[in-house]
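A.B. asks: Just a sequence and a predicted model for now, questions to come.
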Amino acid sequence: MRSASELAYAIRRDGYVIAEGLISPRETAEIKTSLAPWLRGEKMGRNDFEGFRSERVYALLAKAPPVARIIEHPVVIELLDQLLTAHYRLSACLAIQVHPGETAQGWHFDDAYVFLPRPRRMMGVSAIWAFDDFTESNGATELIPGSSGGPTSRPRPTTRAS
């Protein structure tokens with residue numbers, strides 16, 4: 001496993017990093033089990049962006065307490081301490097499960113709520129924990145390396161990574 005400093009360097013350079021093996025298979029199974037009652041294909045997204053074939057479950061700390069392990073993970077906290085200014089906060093803690101037939105989300109910046117011109121300092125970090133393999137066929141998150149430091153225009157794909 002790479003150190004938080006190495007992960008922070010990769011994020012600053014590329015706009016993302018993939019950090020494998022931060023939690024054990026047992027911890028992954030416990031988190032998935034705690035999420036299962038909330039991810040039963042009953043409450044799909046409300047619009048095309050959320051996905052009409054995707055479930056989004058919010059307030060996970062109240063519903064699935066084992067999720068705290070990934071929020072409070074020491075490597076994640078150390079990484080955030082290096083990337084963000086003091087007193088940052090958790091703004092959302094949700095699970096998303098993409099179901100067959102979902103359409104791809106349009107390209108977007110996760111920090112579109114920040115109305116400061118680019119390039120600028122990092123204002124937030126999105127952490128995605130893949131508890132199942134991410135593949136194109138199951139709706140994996142796609143990204144554009146280096147787009148986080150770019151202009152304010154919409155990102156345009158040059159490379160896709162899962």
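C.D. replies: On my side now, so go ahead.
A.B. asks: Can you name every helix or strand that whichever helix or strand Thr33 is part of contacts?
C.D. replies: Using DSSP states H and E, Thr33 maps to helix 25-35. When contacts are defined as 3 or more C-beta pairs under 8 Å, 6 or more residues apart in numbering; DSSP states H and E, helix 25-35 packs onto helix 68-71. No exception for glycine: its C-beta is placed from N, CA and C like everyone else's.
A.B. asks: which helices and strands does the helix it packs on pack with?
C.D. replies: For helix 68-71, the packing partners by 3+ C-beta pairs under 8 Å, 6+ apart are helix 25-35.
A.B. asks: After the helix it packs on, which helix or strand is next?
C.D. replies: Next in sequence after helix 25-35, counting helices and strands by DSSP H and E, comes strand 54-57.
A.B. asks: Buried ones in the very next helix or strand once past that following strand, by neighbour count?
C.D. replies: Using DSSP H and E, the helix or strand that follows strand 54-57 in sequence is helix 60-63. Neighbour-count burial for helix 60-63, counted by 16 or more other C-beta atoms under 10 Å, picks out Leu60.
A.B. asks: The residue sitting nearest the centre point of the chain: what secondary structure?
C.D. replies: Closest to where the C-alpha atoms of the chain average out (C-alpha atoms, centre = their mean) is Ile128, at 2.7 Å. Here Ile128 takes the coil state, with states given by DSSP: H, G, I helix; E, B strand; the rest coil.
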